[in-house]
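Colleague: what's the 3D shape of this:
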Amino acid sequence: MSQHLTLVDHPLVQHKLTIMRDKETSTKSFRQLLREISHLLAYEVSRNLPMTDVRIETPLEAMDAPMIEGKKLALVSILRAGNGLLDGILDLIPAARVGFVGLYRDEETLQPVQYYCKLPEGLEDRLVIAVDPMLATGNSSVAAIDLLKEAGAANIRFLCLLAAPEGIARMKEAHPDVPIVTAAVDDHLNEMGYIVPGLGDAGDRMYGTK
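Modeller: Numbering: from 1, shown residues only. Predicted coordinates:
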């Protein structure tokens, strides 16, 4: 995966995203849709994993069959909304190592403040997929990738549900080596740093908080 931005325009992804955007969609439905859409996004973000052949016995004969090569990949959730994507990806890749980066956005400065970081060992030998539904200003995402690189990660991909042009540009400037996979690039950020038209605050809608 070399291009900086991959837009997943699959009809199922776009259909589910439209329902998630609707302000009338319930918390329960929002959570379920996020889990479903994360399966489809995981399919795209894990494309081009290195493969190797292993010798197995089918019920009929021996064969050389393809399997993913190397150490288990690592998934890193940017708390708290990242957990909505994380849960769905783990359905598909249950053996993945999991890490968490806790960042909240200072509402005055829009800058990220770190409050938690727990990462798997051996990140330098793993594909690391950082997940957060929203790439808005890009400040939190850049800070999270900074932490991953400080921990040794060299092969990183960023997966989000929605992205703003400002966040994409910020990430490309700070981490041009980190490809972004997203379901939509929206119009702009408002004065509060929210993606427009967006879907509101993903964490609040996922957990029913305000």
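Colleague: how about the helix or strand of the chain with the lowest mean pLDDT as CSV, C-alpha atoms only?
Modeller: Using mean pLDDT, DSSP states H and E, the weakest-scoring helix or strand in the chain turns out to be helix 202-207, at a mean of 86. The C-alpha coordinates for helix 202-207 follow below in CSV (Å, rounded to 0.1, in the frame of the first residue of the first chain):
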residue,chain,number,x,y,z
ALA,A,202,-18.6,9.5,17.0
GLY,A,203,-17.9,8.7,20.7
ASP,A,204,-21.1,10.4,21.9
ARG,A,205,-23.2,8.7,19.3
MET,A,206,-21.6,5.3,19.9
TYR,A,207,-21.9,5.4,23.7
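Colleague: and it, what's buried?
Modeller: 202-203, 205-206 (16 or more other C-beta atoms under 10 Å). (C-beta placed from N, C-alpha, C; glycine too.)
Colleague: using CSV, lay out these together with distance to residue 188.
Modeller: Listed next are the buried residues of helix 202-207 as CSV, based on distance: C-beta to C-beta, whole Å:
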residue, distance to residue 188
202, 18
203, 21
205, 20
206, 23
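Colleague: longest helix in the chain, please.
Modeller: Counting residues, the longest helix found in the chain (DSSP state H) is helix 27-45.
Colleague: neighbouring contacts of that one?
Modeller: For helix 27-45, contacts defined as C-beta atoms under 8 Å, 6 or more residues apart in numbering pick out 1, 6, 8, 10, 12-13, 16-17, 19-20, 25, 84-89, 91-93, 129, 131, 133, 157, 159, 161, 181, 183, 202, 205-208.
Colleague: filter those down to the buried ones.
Modeller: Looks like the contacts of helix 27-45 have 6, 8, 13, 16-17, 20, 25, 84-86, 88-89, 129, 131, 133, 157, 159, 161, 181, 183, 202, 205-206 buried, using 16+ other C-beta under 10 Å.
Colleague: secondary structure element for the residue lying closest to residue 138 once chain neighbours are set aside?
Modeller: Spatially, and ignoring its direct neighbours in sequence, residue 138 is nearest to residue 170 (3.0 Å; C-beta to C-beta, 6 or more residues apart in numbering). In the assignment (DSSP states H and E), residue 170 maps to helix 165-174.
Colleague: now the element after that helix, going C-ward?
Modeller: strand 180-182.
Colleague: how far does that next one sit from its chain's centre?
Modeller: Averaging C-alpha positions (C-alpha atoms, centre = their mean, to the nearest Å) puts strand 180-182 8 Å from its chain's average.
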